[in-house]
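Colleague: predicted coordinates and the sequence they were generated for:
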Amino acid sequence: QKEVEQDPGPLSVPEGAIVSLNCTYSNSAFQYFMWYRQYSRKGPELLMYTYSSGNKEDGRFTAQVDKSSKYISLFIRDSQPSDSATYLCAAVGGADGLTFGKGTHLIIQP
Amino acid sequence: GAVVSQHPSWVICKSGTSVKIECRSLDFQATTMFWYRQFPKQSLMLMATSNEGSKATYEQGVEKDKFLINHASLTLSTLTVTSAHPEDSSFYICSAPPQGSPFGYTFGSGTRLTVV
């Protein structure tokens, strides 16, 4: 299976809140996991990437992977209106190329 | 870093006409280019993979004769939507595979196609 499951939202939270974005996958061959941010009518930009279970932190962003449960997460601390965008999880591995989730539309209310 | 330039960013065309979308790798050579289509509130769906100097590989369900892909040089890949219909209206994005790390996919800025 090639699917990466992601709730499309929208997810609306107040400014300053902690945002939790999640994806699940079924293909055990997936080895690398990425989070992309996509603003309206723009190409996606890479935010975070990881290839092992555990947490990876970069500023206000934390990417988390649990390979045993095939669950990937992105946390955004101190969310800001400029974080409003669509966040896509993606996975790579095996015979498949880059496989995207549907993307979650995030709205940060000022 | 690697940059892929995609043009046009937005195009409106009449039903039945053809539209060409270009993706250029500006500071590197791309032997492969991925072409995606994204409908509103949907994910990026891989349409085809272009390969420099050879035929493109199309995903199941994508019409080869309708979506013509050409990769004539190491820096240019094109997607032509032929005999466009309103249902072809979508957001089309190209992407070059990683240069080095497995994470470095480089995306174009996308083309919003509206067929009227």
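Modeller: Alright, I've got the coordinates.
Colleague: got the residues of chain B near chain A?
Modeller: Within reach of chain A by Cβ under 8 Å from any Cβ of the partner chain, chain B has these residues: B:6, B:9-10, B:34, B:41-44, B:46, B:49, B:91, B:93, B:95, B:97, B:102-105, B:107-110, B:112. For glycine as for every other residue, the C-beta is placed from the backbone atoms N, C-alpha and C.
Colleague: can you flag the buried ones in these?
Modeller: The neighbour-count test (16 or more other Cβ atoms under 10 Å in any protein chain shown) applied to those identifies B:6, B:34, B:43-44, B:46, B:49, B:91, B:93, B:95, B:97, B:103, B:105, B:107-110, B:112 as buried.
Colleague: where does the prediction get shaky in chain A?
Modeller: Flagging of chain A using pLDDT under 70 yields the residue ranges A:1-2, A:95-96.
Colleague: can you give me the strands in it?
Modeller: All strands of chain A, identified by DSSP state E, fall at A:4-6, A:11-14, A:19-25, A:32-38, A:45-50, A:54-58, A:61-66, A:71-76, A:85-93, A:96-100, A:104-109.
Colleague: from the contact counts, what lies against the fifth one?
Modeller: Under the contact criterion of 3 or more Cβ pairs under 8 Å, 6 or more residues apart in numbering or on different chains; DSSP states H and E, the helices and strands touching strand A:45-50 comprise strand A:32-38, strand A:54-58, strand A:61-66.
Colleague: so in that sheet, which strands flank the first one, and in what orientation?
Modeller: This means strand A:32-38. Under the criterion DSSP bridges, strand A:32-38 sits next to strand A:45-50 (antiparallel), strand A:85-93 (antiparallel) in its sheet.
Colleague: by how many degrees do it and strand A:104-109 diverge?
Modeller: Using axes from the mean of the first three to the mean of the last three Cα atoms, to 10 degrees, the direction of strand A:32-38 lies 50 degrees away from that of strand A:104-109.
Colleague: roughly how far out does strand A:32-38 sit from the chain middle?
Modeller: On the basis of Cα atoms, centre = their mean, to the nearest Å, strand A:32-38 sits 5 Å off its chain's mean C-alpha point.
Colleague: run a quick neighbour tally on A:Tyr36.
Modeller: By other Cβ atoms under 10 Å in any protein chain shown, 24 other residues sit near A:Tyr36.
Colleague: cool, B:Thr57 as well?
Modeller: 15.
Colleague: verify the stated contact: it with B:Ala48.
Modeller: Yes: using Cβ atoms under 8 Å, B:Thr57 is in contact with B:Ala48, at 6.2 Å.
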